[in-house]
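using only what follows, build the 3D model:
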Amino acid sequence: MKWMIFSPEIYYLLVSLWFLALSMMPRSNSRRDYFSALFLAAGGVLVCLITVKSEGLLFINAYQIDLFSQVFKVLLSLGLFLIVCLCPNFRGVSEKHHSDFYLLLFVCTLAMLLLVSSVHLLAMYVSLELSSYALYILVALRSDKDLGIEAGVKYFLIGISASAVMLFGLALLYATTQATHVDDMLRVIPAVIDQPAVIVGLLLTLSGFFFKLAVFPFHFWAPDVYQGAANQVTAYIATASKVAAIALLIRMVATAGSGAAGNYLVHALVTLAIVSMTVGNLAAIVQKDIKRLLAYSTVAHAGYLLIGILSMSPAGYGSVIFYAGALLIMKFTAFLVVVKVADDDRNIQIDELAGLHQRSPLLAMALMVSIFSLAGIPPTIGFSAKLFVFLAAMEQGYFTLVFIAMINVLISLYYYLLILKAAYLLKPGTAQPELRLSPPLKLLTAVLILAIIGLGIYPAFLLELAEAAARALV
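This next block holds a predicted model:
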């Protein structure tokens, strides 16, 4: 009964077909669409949890089910569920397109589930493209057509360029190794690593994943797309899509990083990590739009993630998996506040957070905890995540790189504290109404706050799971 280990993918395919049918209905019903999506997204989390310990190979060994892939599937399904929780009064997309919106969300999540288990080059490429095209349309669906279509076109043009570069890299790898399966390539690469085509092919292939992760110099799309997309779509791009990119990047580096290939990759990853951290943090300092600020924050966090990946050790990969889970929680909590403050789906400036602690003490607390966590201040999960990544790098002797990263963490404190200054110290120019939260949203916000602090104080369980997933990979 091997199809049972494929049940998360089958489930999300069936859900996508359900929303495809709803999108063909003559009359739209946003309430029906929302509750359907909420219930089915919660079911997806349950299905992924049930299959988390599944193992096996499918489709002529092109699709690998192991703890590594299943942990990421749980994170992806959780990310989708959290995004749907933000959509009870969704105004970012016109009501007649709500079923299309949920269809694309579930299709994109399905593609990312396929992505994290793919161990064949073509399967990786097709899965990556399916998720990307769903995101291009999601961005362009925004009710504010001027912002949405412009951002969608920019995202599409830069995305297909990165895709073409990656495809050329895959062609070079196949031409030199005659292998399309990751395991076969692992055996062949050490013997041909001295060929320039192999090194160039690896770097070009990784470029596609760097684009998804917003690593410099593939980050130019991030601020414009974050600003142009509907707030819930931006939250999805900042959380779930980053988790999938991290998974595939870890798998590729773990494959190519063995033997002599690792030396070439380390030099490239060190450079990209330093530049991404520095550019992301310096660019974030001057931002006034909070979504653009969070976009550049994403670029900086991509640099921190590369530090763990370039360690090329089980501890390093485990720390990155932990970091992926931490980012999902931290970024979502920050975007939850953005979505509720801008409930009409407008783009808000940092100054518009003025007086938030009076309008909604709970949201202000959630914003403070998430910002502290993104900045790496103890005792939050963000501090633990950075600590584990830096320790893994120092075990491999990258002391200078960790020192540069710590300088960047100090730089990031400046713009993160600007957000808190606005929320707690600035007074609004005009009287602002109280922000009312529904009981379920209050519960979700409180759970997120407790998760960020609790997993920062007691990270052992999540870290052990991340390290077990990393051991399954290597």
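
for the helix or strand of the chain with the lowest mean pLDDT, name the packing helices and strands.
Least confident helix or strand, the chain: helix 182-192 with a mean of 75, by mean pLDDT, DSSP states H and E. Helices and strands touching helix 182-192, by 3 or more C-beta pairs under 8 Å, 6 or more residues apart in numbering; DSSP states H and E, are helix 145-177, helix 231-256. All C-beta spots, glycine's among them, are computed from the backbone N, C-alpha and C.

which neighbouring elements make contact with the very next helix or strand once past it?
The C-terminal neighbour of helix 182-192 among helices and strands, as given by DSSP states H and E, is helix 196-213. Packing partners of helix 196-213 (3+ C-beta pairs under 8 Å, 6+ apart): helix 121-140, helix 145-177, helix 231-256, helix 261-285, helix 290-310.

turn those helices into CSV, including mean pLDDT.
Shown next, in CSV, are the helices and strands packed on helix 196-213 (pLDDT from 0 to 100):
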stretch, mean pLDDT
helix 121-140, 88
helix 145-177, 86
helix 231-256, 83
helix 261-285, 82
helix 290-310, 88
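
can you tell which of those helices is closest to K386?
Each of those was scored for nearness to K386 using C-beta to C-beta, and the closest is helix 290-310 (6.3 Å).

what angle separates that closest one from helix 261-285?
On the basis of axes from the mean of the first three to the mean of the last three C-alpha atoms, to 10 degrees, helix 290-310 is oriented at 160 degrees to helix 261-285.

counting contacts, what elements does the very next helix or strand once past helix 290-310 pack onto?
Under the assignment DSSP H and E, the closest C-terminal helix or strand after helix 290-310 is helix 314-341. For helix 314-341, the packing partners by 3+ C-beta pairs under 8 Å, 6+ apart come out as helix 67-85, helix 231-256, helix 290-310, helix 361-375, helix 381-395, helix 439-457, helix 460-473.

ok, which of these comes nearest G318?
helix 460-473 (3.6 Å).

to S438, which of the helices and strands packed on helix 196-213 lies closest?
Smallest distance to S438 across the helices and strands packed on helix 196-213 (C-beta to C-beta): 15.9 Å, for helix 231-256.

chain center to the closest one: distance?
Helix 231-256 has its C-alpha centroid displaced from the chain centroid by 4 Å (C-alpha atoms, centre = their mean, to the nearest Å).

angle of that helix against helix 314-341?
With the same axes, to 10 degrees as the basis, helix 231-256 and helix 314-341 are set at 170 degrees to each other.

so helix 231-256 versus helix 182-192, what angle?
Counting by the same axes, to 10 degrees, helix 231-256 lies at 50 degrees to helix 182-192.

list the buried residues of helix 231-256.
231-256 (16 or more other C-beta atoms under 10 Å).

what of stretch 189-199?
189, 192-193, 198-199.

and the helices and strands packed on helix 314-341 as a markdown table, adding distance to I160?
Formatted as a markdown table, the helices and strands packed on helix 314-341 follow (distance: least, C-beta to C-beta, whole Å):
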| stretch | distance to I160 |
| --- | --- |
| helix 67-85 | 23 |
| helix 231-256 | 16 |
| helix 290-310 | 20 |
| helix 361-375 | 31 |
| helix 381-395 | 32 |
| helix 439-457 | 35 |
| helix 460-473 | 30 |
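
out of the ones you listed, nearest to H120?
Closest among those, using C-beta to C-beta: helix 231-256, at 11.5 Å.

other residues contacting stretch 428-444?
By C-beta atoms under 8 Å, 6 or more residues apart in numbering, the residues outside stretch 428-444 that reach it are 82, 85, 88, 336, 340-341, 354-356, 359-360, 362-363, 445.

mind putting the residues you listed in JSON lines, pLDDT included?
Shown next, in JSON lines, are the contacts of stretch 428-444 (pLDDT from 0 to 100):
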{"residue": "L82", "pLDDT": "91"}
{"residue": "C85", "pLDDT": "89"}
{"residue": "P88", "pLDDT": "83"}
{"residue": "L336", "pLDDT": "90"}
{"residue": "K340", "pLDDT": "87"}
{"residue": "V341", "pLDDT": "85"}
{"residue": "A354", "pLDDT": "83"}
{"residue": "G355", "pLDDT": "81"}
{"residue": "L356", "pLDDT": "83"}
{"residue": "R359", "pLDDT": "83"}
{"residue": "S360", "pLDDT": "83"}
{"residue": "L362", "pLDDT": "89"}
{"residue": "L363", "pLDDT": "89"}
{"residue": "T445", "pLDDT": "90"}
